[in-house]
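Visitor: Predicted structure and sequence below. I'll ask about it afterward.
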Amino acid sequence: MRRIRSTDASSTATAVSSVSDLTPPVAASQPRGKVVARNVGYNFLSQIWLVVLGLLITPYLVRHLGVGVYGFLTLLLAISAYSAALDFGFGFALVKYISEFYGRRDDAMVRRLVSTAVTVYLGLGVLAGLTLTLVSPWLIDVLGVDRSLRPLAQDAFYISAAALCVTLILSMATAVPNALQRMNLTARRTIAFGTVGMLGQVVLLALGRGLLSLLVLQVVVGVAAVMSFLLVSKRLLPFISLRPTLDISTFKLLGRFSALKFVNQVAATTVMQIDKFLVGAMVSLSAVGYFVVPLQVAQRLPALVGNVAVAFLPAASAFHGQSDRVRLNELYLRATKLVALLVLPLSSMLVIFAHPILTFWIGPTFAEKSSLPLQLLRPQHVQHNPGNHE
């Protein structure tokens, strides 16, 4: 086993290579070796592209929407992200057990897992959307939205409720390709739909459209993504059924694993999102705009390392299904070293060069107001990002 050296410029490649040696045979048709490394690569490619594209269009969005409206948009997206995380951990449980039982060639159990998940996520999506709709007047009051903008804000919350429902269902739709370690299929569609969504925002603003049009676009792209991933899942596993069916024993199996993950998910998402709401409630929506720009840099770039964990979960589940504790422990240690190796240099760069980065990216006004938040936020997310995905 090759040793990871933090002072070596090629250490990242070494770490990825060492992880790949531990890839389990997911199925007879699945190539042996380098599956985890391949999946990490696919996930990095998709996330790097979307992060770079997001950073490029942010100045355009800020200028055309205004700092206040942009701050409100980020709050809506944060609500969607926070609520989507409240899936009670079923997404992680679904990936784990599909991978595990598919490795055991238990097609009947995989079929029950998928059909039960369809039922659960349809119910969660509708419940989350209705809940957001009902609490939206209270949220508007808490955020102190100007009275003249309240009708716009209320309509925006209605559309966001639909987007939240779609986002929850999408997390279920991606489970099958992820569980089968077909991250190439996930990455291609993530790049395609993510690009359409981001560039579509630019086009809509260029045509003179506003906030509501951007939110409707999010819903439309989300629905298209759900349909695409469901078709991929059916193609990968033709024997599964996408009809809603609730199998109680399967639901309990998913629930036992998901409970602990749900607690972790709620805590981590709260840490990642609550500051935006506190700034909006205690200061102003414009302050949210100035705050969220460095926050995006602090959260989104290091979040790339979460792709290591995304590739790790199905491989680890397959080892668990084979009762191979030795290789499971070795895989975990190597993946942890790779995550640390990726996070620390990037975090140091953001702290040291915060002001010039923001000046070049957004402008000197933002740099003056947002450099210090970036320098304070980045060390905080060093400790949260890696664990957030595992």
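Guide: Looks like it arrived, so ask away.

Visitor: Next, the contact list for the closest residue in space to Val114 that isn't next to it in sequence, please.
Guide: Nearest residue to Val114, sequence neighbours excluded (CB to CB, 6 or more residues apart in numbering): Ile240, at 4.5 Å. (C-beta placed from N, C-alpha, C; glycine too.) Neighbour list for Ile240: Val110, Arg111, Val114, Ser115, Val176, Ser233, Lys234 [criterion: CB atoms under 8 Å, 6 or more residues apart in numbering].

Visitor: Most neighbours out of the residues you listed, which is it?
Guide: Within the contacts of Ile240, Val176 tops the neighbour count with 29 neighbours, counted by other CB atoms under 10 Å.

Visitor: which non-adjacent residue is nearest that one?
Guide: Nearest non-adjacent residue to Val176, counting by CB to CB, 6+ apart: Ser233, 3.8 Å away.

Visitor: So the one you found versus Leu168, what's the distance?
Guide: Separation of Ser233 from Leu168 (CB to CB, to the nearest Å): 16 Å.

Visitor: returning to what we had before: what residues of the helix or strand hosting the residue nearest to Val176 count as buried?
Guide: Ser233 belongs to helix 211-236 when assigned by DSSP states H and E. Neighbour-count burial for helix 211-236 flags 211, 213-215, 217-219, 221-226, 228-230, 232-233 (criterion: 16 or more other CB atoms under 10 Å).

Visitor: Turn the contacts of Ile240 into CSV, including secondary structure.
Guide: CSV is the format used below for the contacts of Ile240 (DSSP: H, G, I helix; E, B strand; the rest coil):
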residue, secondary structure
Val110, helix
Arg111, helix
Val114, helix
Ser115, helix
Val176, helix
Ser233, helix
Lys234, helix
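
Visitor: The residue nearest to Val176 contacts Val114, doesn't it?
Guide: Yes: applying CB atoms under 8 Å, one finds Ser233 in contact with Val114, separated by 7.4 Å.

Visitor: which neighbours do those two share?
Guide: With CB under 8 Å, 6+ apart, Ser233 and Val114 have common neighbours Ala175, Val176, Ile240, Leu242.

Visitor: Using a markdown table, lay out these together with distance to Ala206.
Guide: Below are the shared contacts of Ser233 and Val114 laid out as a markdown table (distance: CB to CB, whole Å):
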| residue | distance to Ala206 |
| --- | --- |
| Ala175 | 36 |
| Val176 | 37 |
| Ile240 | 42 |
| Leu242 | 38 |
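
Visitor: quick one: Ser136 and Phe157 touch, right?
Guide: Yes: using CB under 8 Å, Ser136 is in contact with Phe157, at 3.6 Å.

Visitor: what are the phi and psi angles of Lys96?
Guide: Torsion angles at Lys96 (phi, psi; degrees, to the nearest 10) stand at phi -60, psi -50.

Visitor: Quick check: the gap between it and Phe44.
Guide: Distance, Lys96 to Phe44, using CB to CB: 22 Å.

Visitor: Which one of these two is surrounded by more residues?
Guide: Taking other CB under 10 Å, Lys96 and Phe44 do not tie; Lys96 has more neighbours (24 against 19).

Visitor: That one and Phe257 touch, don't they?
Guide: Yes: with contact defined as CB under 8 Å, Lys96 and Phe257 form a contacting pair (6.2 Å).

Visitor: Give the other helices and strands that the helix or strand containing Val339 contacts.
Guide: According to DSSP H and E, Val339 maps onto helix 325-352. In terms of contacts (3 or more CB pairs under 8 Å, 6 or more residues apart in numbering; DSSP states H and E), helix 325-352 is packed against helix 11-20, helix 306-321, helix 364-388.

Visitor: weakest of those in terms of mean pLDDT?
Guide: Across the helices and strands packed on helix 325-352, helix 11-20 has the smallest mean pLDDT, namely a mean of 42.

Visitor: Which secondary structure element comes immediately after that helix toward the C-terminus?
Guide: Per DSSP H and E, the helix or strand that comes after helix 11-20 is helix 35-65.

Visitor: Give me the packing partners of that next one, helices and strands only.
Guide: helix 11-20, helix 67-85, helix 183-206, helix 285-300, helix 306-321, helix 354-361.

Visitor: about what we covered before: where does the helix holding Ser233 sit relative to the chain's centre, distance-wise?
Guide: Its chain's C-alpha centre and that of helix 211-236 lie 15 Å apart, by CA atoms, centre = their mean, to the nearest Å.
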